[in-house]
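# would you be able to build a 3D model of this:
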Amino acid sequence: MNSIPTMTKNLLIINVLAYLATLVLRMHGVDLTSLFGLHFCMASDFHIYQLLTYMFLHGGFTHILFNMFALWMFGSVIERVWGPRKFLFYYICCGVGAGLIQEAVQYGTYMYEGLGAYDYVNAGGVQMTTDAYVNLWTTIGASGAVYGILLAFGMIFPNERLFIIPFPFPIKAKWLVVGYIAIELFSAMSGPGDGVAHMAHLGGMLFGFLLIRYWQYHPDSSGRFGRSQGMEFFDNLKRKFDERRQNGGMHAHHNPDPRRETDEEYNARQRRNQEEIDAILDKIRKSGYASLTKAEKEKLFEQSRKS
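A predicted model of the protein is given here:
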C-alpha cells in the first residue's frame, strides 16, 4: 500500500469501507443503497447529493473487486502524472458525469413509456405505484469514474502495451479503450435487463474525454490544481528538450573538428541521447523520481545544466 499514490489509496480505502458498512448495516435493517444510491430524478427518494455518494457504493464482491483493481492499476499511474488534486477532480467529474448521463437515459425511458400518466404499473406480475416502481431505478458503483480513468490512461499512454486476460498477446492501451467503448455501446443497444448501467460507463468516458480536451486546449487551467514543483520542473525540462530538438538539435551541425566526429555521428549521438532522456522522463511520470537509478539521475542532471 505504501507504493500507491495518496489519492488513489484513499479512494480505495473509502470504497472498501463503504462496501463493508453496507454489508454490516444491512444486517441491522439499514439499506445504504436506498439512502445514498443514485435514484431516478423523478422518484421521491432522489436527492442531489446522491450524484456524489452513489459512486462509493457497490452491489457485490465482484463489482467492487473489478472496479478497485482497475482504479489501482490505472489510477496510480494517472495520479503520478497529474498530481493528487487534479486526479481527484477528474475522478469526481467522471463519476458525476456518469450519473448525469444515467439520469438522462432513465428520463428518456420514463417519457417514452409514458409512466407519468399512470398511478400504478405492473412490473413482473406485481402491481405497484409508479413512484415505488421508479424508486427501484437506482444506480451504484464507481464504474463511471473508473472508465474515465481508463480513458485517461489510453489518451496519455496510447501505445502502452497491456496484457489482458484471456488474450495471450499484449494490446495497446488505445485499442483497449476502443474495445471497451464498442462493448458498452453494443450492450446498451442490446436492451436493458442485465442490471448494468452501460450508458453510465460511457458517460464517465465522455465527461473524461471532454475534460482532457479542455485541459489540452487550456493548459494554464491545470495550474489551479497545485501540481508539485517537482513535476513542473520535469515538464519544463521536457519542454526545453523538445524545443532544442525542434530548433535544430536533431539536424546536421557544423563540427569544429571533423577529424574527431562527423555530422552523421553527431546526429546519431544526439538522437540516442534524446531517446534516453525521453525514457527517463516517462519513467518519472509512471513511477516517480525516486524510481530512477543513480546513473539516470546523473544523466538527467547533466542534461538540465546544458538546457
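
# which helix or strand contains residue 127?
Assessed by DSSP states H and E, residue 127 sits inside strand 126-129.

# can you pull the contacts of the closest residue to residue 71 other than its chain neighbours?
Here the nearest residue to residue 71 in space, its sequence neighbours aside, is residue 146; by CB to CB, 6 or more residues apart in numbering that works out to 5.5 Å. From N, CA and C alone the C-beta is placed, and that goes for glycine too. With contact set as CB atoms under 8 Å, 6 or more residues apart in numbering, residue 146 has these partners: 67, 70-71, 74-75, 204.

# sitting in helices, which of these do you find?
Judged by DSSP state H, the subset of the contacts of residue 146 located in helices is 67, 70, 204.

# looking at it, the last one is touching residue 96, isn't it?
Spelled out, that is residue 204. No - if you go by CB atoms under 8 Å, residue 204 and residue 96 don't touch, sitting 9.2 Å apart.

# about what we covered before: could you point out which element follows the strand holding residue 127?
From strand 126-129, the next helix or strand downstream (DSSP H and E) is helix 130-135.

# buried stuff in that next one?
130, 133-135 (16 or more other CB atoms under 10 Å).

# can I get the residues you listed in JSON lines with distance to residue 48 and pLDDT?
Formatted as JSON lines, the buried residues of helix 130-135 follow (distance: CB to CB, whole Å; pLDDT from 0 to 100):
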{"residue": "130", "distance to residue 48": "22", "pLDDT": "89"}
{"residue": "133", "distance to residue 48": "22", "pLDDT": "90"}
{"residue": "134", "distance to residue 48": "17", "pLDDT": "90"}
{"residue": "135", "distance to residue 48": "16", "pLDDT": "91"}
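
# closest to residue 184 among the residues you listed?
Relative to residue 184, the closest of these is residue 134; by CB to CB it sits at 23.8 Å.

# select the longest helix from the chain.
Max-length helix for the chain by DSSP H is helix 84-112.

# and residue 275, what does it touch?
Residue 275 neighbours (CB under 8 Å, 6+ apart): none.

# leaving out the residues flanking it, which one is nearest to residue 209?
residue 151 (6.1 Å).

# dump stretch 212-221 to PDB, restricted to CA.
What follows is stretch 212-221, C-alpha atoms only, in PDB (Å, rounded to 0.1, in the frame of the first residue of the first chain):
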ATOM      1  CA  ILE A 212      -9.000  16.200 -21.000                       C
ATOM      2  CA  ARG A 213      -9.600  18.000 -24.300                       C
ATOM      3  CA  TYR A 214     -10.400  21.200 -22.400                       C
ATOM      4  CA  TRP A 215      -7.100  20.900 -20.400                       C
ATOM      5  CA  GLN A 216      -5.200  20.300 -23.700                       C
ATOM      6  CA  TYR A 217      -6.600  23.500 -25.200                       C
ATOM      7  CA  HIS A 218      -6.300  25.500 -22.000                       C
ATOM      8  CA  PRO A 219      -3.100  24.200 -20.400                       C
ATOM      9  CA  ASP A 220      -2.900  27.100 -18.000                       C
ATOM     10  CA  SER A 221      -6.200  25.900 -16.300                       C
END
